[in-house]
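Colleague: coordinates only, no sequence provided:
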């Protein structure tokens, strides 16, 4: 962490929060009075935000088209190509998991500085103008991302039901923050010691996509530089070949230290430590997919639409590019 300062971290964090995806949300044909003839809802939506925040606006927009307009906004859920989308995953994570767009990659992304440029490029790529989407056929096939909105037939096997007051979603988010906290510092003392006002303000910052308020509170939770994390809140999402007609997903989560033992040229421990990199963590957790710590031979790590440099320091990524709940949620994409 010696080469990183807070302004550098803030710069990347700002680019991450600026990243947006164009969405085209359509009402499920079976719930539409005119069978798929309602106008779609178009919006540029932040990658780090959550789809259920849109439900009140969407319900009002589609109400005149609903066969059952008496349905409640919180009964809404989203699907993509028939797959229910988990409402507690941020939009960017869902897109990287299911949309299959080619992520930003640079041959020179060998260090943390180049990660900054990759994030900037991803932000540009993921917020195209309407004319750009029309003029680029390959882009128009992926963007805007077309989602289907439902207000009936909740998929209980896949999703926990939401409530009218938003408490279910709030509790799921705060519990995820606590889990991340328990890894960064012992006993999740950070989130547990926040005032009631700050806890409410933290959730409001997520709802309102307010980076200034979010940053003020998240900085109370993170160990101050240069104090290291105890462990890195890391989740790896690994799409698997489907056993049925629906895609399968494996989530790998294991304690990851920000430091690892150095080795001599003969492979023996030198008694010293060095920073954990993206490549060393992936090699440790998924050695069959990442036989090399330096080169993504068989698979690529994707975060916010960016191919992460294998040599990027994992704690620096966690400080600058984690999602709002504090987790570094990496999606694995096979090479080729």
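Modeller: Thanks, I have it. This structure is a prediction, so every number in the text was calculated from the model and none was measured.
Colleague: and residue 79, what's its pLDDT?
Modeller: On pLDDT, residue 79 comes in at 97.
Colleague: ok, it - contacts?
Modeller: 85, 147, 148, 150 (C-beta atoms under 8 Å, 6 or more residues apart in numbering). No exception for glycine: its C-beta is placed from N, CA and C like everyone else's.
Colleague: what's opposite it in the beta bridge?
Modeller: Listed by DSSP bridges, the beta-bridge partners for residue 79 are residue 84, residue 148.
Colleague: what about the strands in the stretch 101-250 of the chain?
Modeller: Taking DSSP state E, counting those that start in this stretch to define them, one finds strands in the stretch 101-250 of the chain at 145-150, 234-240, 248-252.
Colleague: let's have those in TSV, adding distance to residue 177, mean neighbour count and mean pLDDT.
Modeller: Shown next, in TSV, are the strands of the stretch 101-250 of the chain (distance: least, C-beta to C-beta, whole Å; neighbours: other C-beta atoms under 10 Å; pLDDT from 0 to 100):
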stretch	distance to residue 177	mean neighbour count	mean pLDDT
strand 145-150	26	19	97
strand 234-240	14	18	92
strand 248-252	18	12	89
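Colleague: so for this structure, which residue is the most central one in space?
Modeller: residue 93 (3.6 Å; C-alpha atoms, centre = their mean).
Colleague: coming back round to it: closest one to residue 282 among the strands of the stretch 101-250 of the chain?
Modeller: Smallest distance to residue 282 across those (C-beta to C-beta): 7.5 Å, for strand 234-240.
Colleague: now what about the closest one, what contacts it?
Modeller: Contacts for strand 234-240 (C-beta under 8 Å, 6+ apart): 93, 97, 247-254, 256, 281-282, 285-286, 289, 301, 314, 318, 327-332.
Colleague: now that strand against strand 248-252, angle please.
Modeller: Going by axes from the mean of the first three to the mean of the last three C-alpha atoms, to 10 degrees, strand 234-240 is angled at 160 degrees with respect to strand 248-252.
Colleague: domain-wise, how is this protein divided?
Modeller: 167-221, 234-263+272-334 (the TED database).
Colleague: for residue 54, give me its contacts.
Modeller: 25, 43, 45.
Colleague: three-state assignment of it?
Modeller: Following DSSP: H, G, I helix; E, B strand; the rest coil, the label given to residue 54 is helix.
Colleague: over to residue 326?
Modeller: Using three-state DSSP, the three-state assignment for residue 326 comes out as coil.
Colleague: could you report the distance from the nearest residue to it once chain neighbours are set aside to residue 7?
Modeller: Leaving out its chain neighbours, the residue that sits closest to residue 326 by C-beta to C-beta, 6 or more residues apart in numbering is residue 180, at 3.4 Å. Counting by C-beta to C-beta, to the nearest Å, the gap between residue 180 and residue 7 amounts to 23 Å.
Colleague: quick one: which of these two has more around it?
Modeller: The neighbour count for residue 180 versus residue 7, taken as other C-beta atoms under 10 Å, is higher for residue 180 (28 against 7).
Colleague: if we can go back for a sec, helix or strand: which one has the residue nearest to the centre of the chain?
Modeller: Element membership of residue 93, judged by DSSP states H and E, is helix 91-98.
Colleague: count of neighbours near the nearest residue to residue 159 once chain neighbours are set aside?
Modeller: Leaving out its chain neighbours, the residue that sits closest to residue 159 by C-beta to C-beta, 6+ apart is residue 84, at 5.6 Å. Using other C-beta under 10 Å, the number of residues around residue 84 comes to 18.
Colleague: residue 84 against residue 77, yeah?
Modeller: Yes. Residue 84 is in contact with residue 77 according to C-beta atoms under 8 Å; the separation is 6.2 Å.
Colleague: give me the common contacts of these two.
Modeller: By C-beta under 8 Å, 6+ apart, the residues touching both residue 84 and residue 77 are 155, 159.
Colleague: longest helix in this protein, please.
Modeller: helix 167-184 (DSSP state H).
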